[in-house]
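*Asks:* need coordinates for the following:
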Amino acid sequence: MSAVLHADLPRFVAFGEALTDLIRTGPDQWRSACGGSPWNVAVALSTLGQLSAFAGAISQDIFGAEIWRASQEAHLDMRFIQQLPRPPLLAIVHEVDPPRYFFIGQDSADLHFRPEGLPAGWTRSLRWAHFGSLGLAREPLASRLLAVASELKKAKVRISYDPNFRDRVMDARYDDTLEAMCRIADVIKVSDEDLRGLFRVTDHRSGLAQIAAWNPGAWLL
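*Replies:* Here you go, the predicted structure:
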C-alpha cells in the first residue's frame with residue numbers, strides 16, 4: 001500500500017518508541033507484532049479519523065520495515081518517522097498470562113530520534129502531544145522528549161501522559177521525570193498497577209493522591 005500524503009500537518013503527535021513484540025505462542029513458536037505504547041496511541045487516533053503522527057525513530061532492518069509498512073497502512077503522517085541504521089527495539093514476551101517480558105535495545109534506533117529533524121512548521125496545526133512509556137525512561141531520548149514536552153506546553157499545546165510503568169526501567173531514577181511530566185500534563189492516564197510500581201507502594205491511592213497534588217487541574221484517567 002502506498003503512503004497517504006497529508007496536505008496538512010497533524011493535530012495530534014505521539015512521541016516515544018515504536019517496537020516489535022516477539023510473543024511466544026508455543027515451546028518453539030513465536031509471532032511478531034508492531035507495538036510500542038506511543039505508536040499504538042497514534043494509530044488509534046488515526047483510526048478515529050484524526051490527522052495523527054508518531055514521532056520517533058525505527059531501524060532500517062526487517063523489523064523497522066514492518067513498522068513503516070504498518071504506519072503507512074494506519075495512515076500516519078510518515079514525515080515524523082525517522083529510519084536509522086541502528087538496531088531495532090524488541091520486546092520479548094515469553095509468557096502471556098500473566099505477561100512476562102524483557103526488552104532488547106542497546107543503542108537501538110529509537111534512542112537516536114532527533115526532534116530537529118521533524119517537518120518545518122510541524123507545530124503549526126498541533127493541538128495535542130502525547131508522551132510516555134520507554135521513550136521517557138531511556139537516555140539520551142528521555143531528555144530530548146522532556147525538553148520537547150516543556151516547549152510545547154509553553155506554546156499552549158495540550159499534553160497527554162501515560163507513564164506505562166515498566167519494571168526495572170522505571171525505578172528511582174525515573175522519579176524526577178515522573179514528577180515533571182505530571183506537572184505539565186493536561187491528561188494523565190495511569191492504572192492501579194502503574195501507580196504501585198511508579199511510587200513503589202502497596203496502596204495505589206497514595207500514588208494517585210501525589211499526582212493530584214502535583215497537578216490539581218489535570219484530568220486523571
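*Asks:* who touches the longest helix along the chain?
*Replies:* Secondary structure assigned by DSSP state H gives helix 141-154 as the longest helix of the chain. The contact list for helix 141-154 (C-beta atoms under 8 Å, 6 or more residues apart in numbering) reads 15-17, 110-115, 123, 126, 129, 131, 135-136, 159, 177, 180-181, 184. Using the backbone N, CA and C atoms, a C-beta is placed for each residue, glycine as well.
*Asks:* got the buried residues for that helix?
*Replies:* Under the neighbour-count criterion of 16 or more other C-beta atoms under 10 Å, helix 141-154 has 141-142, 144-146, 148-149, 152-153 buried.
*Asks:* can you say which two of those residues are spatially most distant?
*Replies:* Longest distance between any two of the buried residues of helix 141-154 is 18.5 Å, between Leu141 and Lys153; criterion C-beta to C-beta.
*Asks:* can you tell me the closest non-neighbouring residue to the spatially most central residue of the chain?
*Replies:* Closest to where the C-alpha atoms of the chain average out (C-alpha atoms, centre = their mean) is Pro38, at 2.9 Å. Setting aside the residues directly before and after it, Pro38 is nearest to Gly16 in space (C-beta to C-beta, 6 or more residues apart in numbering), at 3.3 Å.
*Asks:* number of nearby residues for the one you found?
*Replies:* Counted with other C-beta atoms under 10 Å, the neighbours of Gly16 add up to 30.
*Asks:* surely it touches Arg138?
*Replies:* No - using C-beta atoms under 8 Å, Gly16 is not in contact with Arg138; the gap is 9.8 Å.
*Asks:* residues shared between the contacts of the two?
*Replies:* With C-beta under 8 Å, 6+ apart as the test, Gly16 and Arg138 both reach Asp110.
*Asks:* what about stretch 63-83, how long is it end to end?
*Replies:* End-to-end distance of stretch 63-83: 11 Å, with C-alpha to C-alpha, to the nearest Å as the criterion.
*Asks:* in it, what counts as buried?
*Replies:* 63-64, 66-68, 70-71, 74-83.
*Asks:* ditto for stretch 209-217
*Replies:* 210-211, 214-215.
*Asks:* got the residues you listed as a markdown table, with distance to Pro87 and secondary structure columns?
*Replies:* Formatted as a markdown table, those follow (distance: C-beta to C-beta, whole Å; DSSP: H, G, I helix; E, B strand; the rest coil):
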| residue | distance to Pro87 | secondary structure |
| --- | --- | --- |
| Gln210 | 36 | helix |
| Ile211 | 34 | helix |
| Trp214 | 36 | helix |
| Asn215 | 36 | coil |
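*Asks:* phi, psi of Leu51?
*Replies:* For Leu51, the backbone dihedrals (degrees, to the nearest 10) come out as phi -70, psi 110.
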